[in-house]
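Undergrad: Take this sequence and fold it.
(one chain, ligands or ions: 1)
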Amino acid sequence: MKILIVNGPNLNRLGSREPGIYGLTTMEECMETLRARFPEVELEYYQSNVEGFLIDRLQAAEGCTDGIVLNAGAYTHTSVALHDAIRSLSAPVVEVHISNVHGREEFRHRSLIAAACQGVIAGFGMDSYRLGVEALISLHSTKK
Ligand code: DQA
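TA: Coordinates of the predicted model:
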């Protein structure tokens, strides 16, 4: 099984960015933990601060992946283009957030991508990525 993890803007700074909200773990450390935990899954990681590059990466995944874990960062709350890109894919996409966006500023309460995704995971810190991977593995096994 192949799973792609995609992070949007500012998530390249995990580990040093607002540690009170996002913690001290870097995405590299998180990927290492995920790869050790799911050795049977081929896990690929992509990050960009640029909306169009995220869309290009999602489009390139069509036909090449069994599922996508997507933390679109702030584009979650603004991007119709990402919504459309997700809808165009045949593999399931799980929206994840490290923080509980619903307990934060009001502008973070609305997701423009959630309706295009299979489901949403938010508020479990870096463990949100693990939960996203588990959700995709479970979907994949029920499909078989
Ligand atoms: C985030 C929440 C977003 O509102 C924010 O813009 C981020 C990170 C999260 O993982 O909690 O960049 O997606």
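
Undergrad: residue ranges of the strands in this protein, please?
TA: Counting by DSSP state E, the chain has strands at residues 2-7, 42-47, 67-71, 93-97, 119-122.

Undergrad: would CSV of the ones you listed with mean pLDDT, distance to Ala61 and mean neighbour count be doable?
TA: Yep, even glycine has a C-beta here, placed from its N, CA and C like the rest. CSV is the format used below for those (pLDDT from 0 to 100; distance: least, Cβ to Cβ, whole Å; neighbours: other Cβ atoms under 10 Å):
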stretch, mean pLDDT, distance to Ala61, mean neighbour count
strand 2-7, 98, 5, 22
strand 42-47, 98, 9, 17
strand 67-71, 98, 6, 26
strand 93-97, 98, 9, 25
strand 119-122, 98, 18, 18
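
Undergrad: ok, and for the lengthiest helix in the chain, which residues are buried?
TA: Longest helix in the chain by number of residues, with DSSP state H as the criterion: helix 127-143. Within helix 127-143, the residues that qualify as buried are 127-130, 132-133, 135-137, 139-140, counting by 16 or more other Cβ atoms under 10 Å.

Undergrad: and it, anywhere near the ligand?
TA: No. Helix 127-143 is not in contact with the ligand by Cβ under 6 Å from any ligand atom; minimum separation 7.1 Å.
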